[in-house]
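J.: quick one: sequence and predicted model below, then my questions.
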Amino acid sequence: MIKTTIDAALVTDIDLKFSPAGKAYARLRAVSKERKRDGNGKWVDGDETFFSVVVFGKQAEMLAESNPAKGTRLLIDGTPTRKARSGRHWRSSRTTSPSI
């Protein structure tokens, strides 16, 4: 199992929910921008990578209670999972989502 840490910025509000068993989980989207040097040696933003994140348990509740604003920097530490998507609004693609 691979663990990873992502330096990202929050792009959605935190969506806190509870399972039928009463366990808390929160969903959010975050973006990570690659930083690189341009031809003049200046640091510029590179490609963006978006992540769908699910946080479980007490961490989910604490995250929702802190009510971070969009743009807040997050360090996301978790295990990435891949899901296949296809359908009317999606081109066939795979997404990577860290679970915390």
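T.: Happy to help now that I have it. Note that the structure is predicted; figures quoted are calculated from it, not measured.
J.: quick check: residue 64 touching residue 13?
T.: No: look at residue 64 against residue 13 with CB atoms under 8 Å: they stay out of range, at 9.4 Å. For the C-beta atoms, the positions are set from N, CA and C on the backbone; glycine is no exception.
J.: so for these two, which sits in the more crowded spot?
T.: residue 64 (18 against 14; other CB atoms under 10 Å).
J.: phi first, then psi, for the nearest residue to the more buried one once chain neighbours are set aside.
T.: Of all residues not flanking residue 64 in the chain, residue 16 sits nearest, at 3.8 Å (CB to CB, 6 or more residues apart in numbering). Residue 16 has phi and psi values of phi -90, psi 130 when expressed as degrees, to the nearest 10.
J.: show me what contacts residue 16?
T.: If you count contacts by CB atoms under 8 Å, 6 or more residues apart in numbering, residue 16 has them with 24-26, 60-61, 63-64.
J.: out of these, who's nearest residue 53?
T.: residue 26 (8.3 Å; CB to CB).
J.: ok, that closest one to residue 60 distance?
T.: 4 Å (CB to CB, to the nearest Å).
J.: those two - which one has more neighbours?
T.: residue 60 (23 against 20).
J.: can I assume that one sits in a strand?
T.: No: counting by DSSP: H, G, I helix; E, B strand; the rest coil, residue 60 is located in no strand; its state is helix.
J.: that one against residue 25, yeah?
T.: Yes: between residue 60 and residue 25 there is a contact under CB under 8 Å: 5.2 Å.
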